[in-house]
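> Build the 3D model from these lines:
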Amino acid sequence: MRSPRRTGGPAAPSTSAERRTERTNSNDQRSNNDQRSNNDQRSNNDQRSNNDQKGLPPMPTVTALPARGAASPARLAGGLRCPVTSARSTAGPRAGSDSGAGSDSGAGSNSNSASDTATGPGATGTTPVPAGFPPPPSGTARLLGAWQARQSARLADHLAHHGPPALPPPRARGWADLVARLAADAGLTGRGGAGFPTAAKLAAVARSGRRPWLVVNAMEGEPDSAKDRMLLHCAPHLVLDGAELVAAALRADRITVCVPEDRDATAAAVAAAAAEREGTGLAPVAVELARPPARFVSGEESALVSWLRRGTALPTFRPDKSVPLTVGRHAVLVQNAETLAHVGLVARHGAAWFRQVGTDDAPGTTLVTVSGAVQRPGVVEVELGTPIGAIIAAAVPAADVAAVLVGGRGGTWLGPDALGTSLAPGPLRALGAGVGAGILVVHPAGACGIDELARAAGALAGESAGQCGPCVYGLPAIAGDLRRLAAAAGGAGRRGGGAD
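Numbering: from 1, shown residues only. Reported below is the predicted structural model:
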């Protein structure tokens, strides 16, 4: 793993002096926003710190690099060909399973047979799956299946569970179109919050005429989200599989994994995984680690690219988001960590396999962080279309559910009558909500909704980019009004002996 280098523009800080400079710039920027509430900011940071390990399994131990032969990728003839088993059940456990993230009834238990075939975009027929290639996972334990089965994030265990990744042969052409078409056929959309079609982003960068630069977005600025942290602790190689495939297919010359400066354990997991892959043939594009400031807005893709370009994590206005972001001569492709992990699996097993779970309009699985008034907060992997109430039930509500915040701080509160709604873009859009970054915060009966809203507004006010009046002045004013309303409602409740 290499440290960031300069190519056509400022690179991410790599030395301690550069990191100190970045922190100073970030602190100066914060001090310029006079309307921010220090108490709200501290509360938000405390919540980020408390949530950092919430629901995460113990930090896995990364051991020595396996033998080169064990890690060498087995490329199948005919371009990108992905093993797919022929008659496999499409039904799998939902969020209510005892494991929390579902169980993988296929991986590790089924053996390949002569009827297993390999297909993929551009394939004209079928090709036998290589002997010993693990079968594709059934059910919903896809991203987290290897961790559940082996409790290890080592490269050797990753390869034993998932098999070798799909990577383009040296100097191969046409793989950018193949990967984009595969993502389109799978219906894969971004898992970072916006839900933008993955294939469209790939195609835009491929036709830009610039040298691509792949940025893995693991910033996860939402205080109530822990999915990307868990993924990088438990399945870092799956994320790197997808990143290496996309970067090699696009002929990118660099991969930068962005982890916030306050998440050292996550950064260490990424660094260890990247070091394991060196010299194995699984890292055709070198990986570098960048540590942007731990701010709510830093993970927005234009803000992230701004930080990579000039060291300030500020979002920019983009009237046409089909035009790729750039740094110098590079066209920058920003993809969420979970999105790339899905790419790593779809490239192995095919679009039809990906669509075996989920809905027609929202196929596949997704990671969801459940917190609030539940006894088992944490991250679960569910198929899209799972009822919200079923996901909450798996986390065991600690009280009657009065409301659920769907999608994080910028999301929507839904009442108990909406618990039967499917976690999918279409059904949630009808209620004015969205999947977002896969966040469910449970609000218990008897608690003050205004108080919770005041805390959320205050936290958002403390994370302002400081670039527009409504954000700089309006949010703190709204947060202050909500705090006063919450205090008044709390006093009235205490005098009346009830809750608002």
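> Which of the helices or strands spans the spatially most central residue of the chain?
With distances taken as Cα atoms, centre = their mean, E338 lies nearest the centre of the chain, 3.5 Å away. Element membership for E338 (DSSP states H and E) is helix 337-349.
> follow-up on the earlier one: I'd assumed L231 was in contact with the residue nearest to the centre of the chain.
Yes - judged on Cβ atoms under 8 Å, E338 makes contact with L231 at a distance of 5.8 Å. Using the backbone N, CA and C atoms, a C-beta is placed for each residue, glycine as well.
> Now T312: which helix or strand?
Going by DSSP H and E, T312 is not in any helix or strand.
> pLDDT score for G174?
On the pLDDT scale, G174 is placed at 86.
> I misspoke; the intended subject was S72.
Per-residue confidence (pLDDT) for S72: 26.
> which stretches of the stretch 151-300 of the chain form helices?
155-162, 175-186, 198-206, 227-234, 236-250, 264-277 (DSSP state H, counting those that start in this stretch).
> now the last one: how far from the chain's centre is it?
What that stands for is helix 264-277. Distance of helix 264-277 from the chain centroid (Cα atoms, centre = their mean, to the nearest Å) equals 17 Å.
> Now the common contact residues for E338 and L231.
With contacts defined as Cβ atoms under 8 Å, 6 or more residues apart in numbering, the residues adjacent to both E338 and L231 are 143, 239, 367.
> Pull out the buried positions in whichever helix or strand comes after the helix holding E338.
Downstream of helix 337-349, the first helix or strand assigned by DSSP H and E is helix 351-354. Residues of helix 351-354 classed as buried: 351, 353-354 (neighbour count, 16 or more other Cβ atoms under 10 Å).
> Check which helices and strands helix 351-354 is in contact with.
strand 82-84, helix 175-186, helix 337-349 (3 or more Cβ pairs under 8 Å, 6 or more residues apart in numbering; DSSP states H and E).
> again, only using 10 Å
Packing partners of helix 351-354 (3 or more Cβ pairs under 10 Å, 6 or more residues apart in numbering; DSSP states H and E): strand 82-84, strand 117-119, helix 175-186, helix 337-349.
> As TSV, these with distance to R291 would be great.
Formatted as TSV, the helices and strands packed on helix 351-354 follow (distance: least, Cβ to Cβ, whole Å):
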stretch	distance to R291
strand 82-84	34
strand 117-119	40
helix 175-186	28
helix 337-349	15
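> Poorly predicted segments of the stretch 101-250 of the chain, please.
Applying pLDDT under 70 to the stretch 101-250 of the chain flags residues 101-133.
> A172: neighbouring residues, count only.
15 (other Cβ atoms under 10 Å).
> That one against A248, yeah?
Yes - contact status for A172 versus A248: in contact at 8.7 Å, counting by Cβ atoms under 10 Å.
> So what's the residue count around Q375?
9.
> Isn't it up against P397?
Yes - assessed by Cβ under 10 Å, Q375 is found in contact with P397 at 7.5 Å.
> hang on, L367 in a strand?
Yes - assessed with DSSP: H, G, I helix; E, B strand; the rest coil, L367 lies in a strand.
> got the contact list for it?
L367 makes contacts with 101, 143-144, 191, 225-228, 230-231, 337-338, 341, 379-382, 437-438, as judged by Cβ atoms under 10 Å, 6 or more residues apart in numbering.
> Would you write out the ChimeraX command that picks the buried residues out of the residues you listed?
One line in ChimeraX is enough to select the buried members of these, burial here meaning 16+ other Cβ under 10 Å:
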select :101,143,144,191,225,226,227,228,230,231,337,338,341,379,380,381,382,437,438
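> which stretches of the stretch 401-500 of the chain aren't confidently modelled?
In the stretch 401-500 of the chain, residues with pLDDT under 70: 489-500.
> give me that answer again for 80
458-466, 469, 471, 473, 489-500 (pLDDT under 80).
> ranges for the helices of it?
425-429, 449-462, 469, 475-496.
> Mind putting the ones you listed into TSV with distance to G389 and mean neighbour count?
Output for the helices of the stretch 401-500 of the chain, formatted as TSV (distance: least, Cβ to Cβ, whole Å; neighbours: other Cβ atoms under 10 Å):
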stretch	distance to G389	mean neighbour count
helix 425-429	13	17
helix 449-462	19	21
helix 469	40	7
helix 475-496	27	15
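> Distance to A153 for the ones you listed - can I get that in TSV?
Shown next, in TSV, are the helices of the stretch 401-500 of the chain (distance: least, Cβ to Cβ, whole Å):
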stretch	distance to A153
helix 425-429	31
helix 449-462	31
helix 469	46
helix 475-496	39
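> count of neighbours near V346?
V346: 29 neighbours (other Cβ under 10 Å).
> is it true that it touches A180?
No - applying Cβ under 10 Å, one finds V346 not in contact with A180, separated by 11.7 Å.
> so what sits against both of these two?
With Cβ under 10 Å, 6+ apart as the test, V346 and A180 both reach T198.
> returning to that earlier point: ranking the helices and strands packed on helix 351-354 by mean neighbour count, which comes first?
Highest mean neighbour count of those: helix 337-349, a mean of 27 (counted as mean count of other Cβ atoms under 10 Å).
> Give me the mean pLDDT for that one.
The model assigns helix 337-349 a mean pLDDT of 95.
> Renumber starting at 57 from here on
Okay, using 57 as the starting number, the last item reads as helix 393-405.
> Distance from the chain centre to it, please.
11 Å.
> how far off helix 231-242 does it point, in degrees?
Here helix 393-405 runs at an angle of 100 degrees relative to helix 231-242 (axes from the mean of the first three to the mean of the last three Cα atoms, to 10 degrees).
> I'd like the helices of the stretch 207-356 of the chain as CSV, with distance to V361 appended.
What follows is these, written out as CSV (distance: least, Cβ to Cβ, whole Å):
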stretch, distance to V361
helix 211-218, 30
helix 231-242, 20
helix 254-262, 12
helix 283-290, 18
helix 292-306, 16
helix 320-333, 19
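> right, so of these, which gets closest to D473?
helix 283-290 (26.7 Å; Cβ to Cβ).
> sorry, back to before: pull the contacting residues for the closest residue to the residue nearest to the centre of the chain other than its chain neighbours.
Sequence neighbours aside, R247 is the residue nearest to E394 in space, at 3.9 Å (criterion: Cβ to Cβ, 6 or more residues apart in numbering). Contact analysis of R247 by Cβ under 10 Å, 6+ apart lists 199, 254, 283-284, 287, 391-398, 420-423, 491-494.
> let's see 7 Å
392, 394-395, 422, 494 (Cβ atoms under 7 Å, 6 or more residues apart in numbering).
> can you check L287 too?
Neighbour list for L287: 199, 295, 393-394, 397, 423 [criterion: Cβ under 7 Å, 6+ apart].
> From G505, how far out is it?
The gap separating L287 from G505 is 32 Å, by Cβ to Cβ, to the nearest Å.
> before we move on, what about G494?
Per Cβ to Cβ, G494 is found 22 Å from G505.
> cool, E439 as well?
In terms of Cβ to Cβ, E439 sits 30 Å off from G505.
> Same question for G420.
For G420, the distance to G505 equals 33 Å [Cβ to Cβ].
> same check, this time on A328
43 Å.
> do A202 as well
Distance of A202 to G505, computed by Cβ to Cβ: 40 Å.
> who's in contact with the residue lying closest to A259 once chain neighbours are set aside?
Residue nearest to A259 in three dimensions, not counting chain neighbours: A236, with 4.9 Å by Cβ to Cβ, 6+ apart. With contacts defined as Cβ under 7 Å, 6+ apart, A236 is in contact with 255, 258-259, 262.
> do W363 as well
348, 354, 369.
> thought R432 was touching A454?
No - using Cβ atoms under 7 Å, R432 is not in contact with A454, being 9.5 Å away.
> residue contacts, the spatially closest residue to G441 that is not a sequence neighbour?
Nearest non-adjacent residue to G441, counting by Cβ to Cβ, 6+ apart: T415, 4.1 Å away. Contact analysis of T415 by Cβ under 7 Å, 6+ apart lists 440-441, 480.
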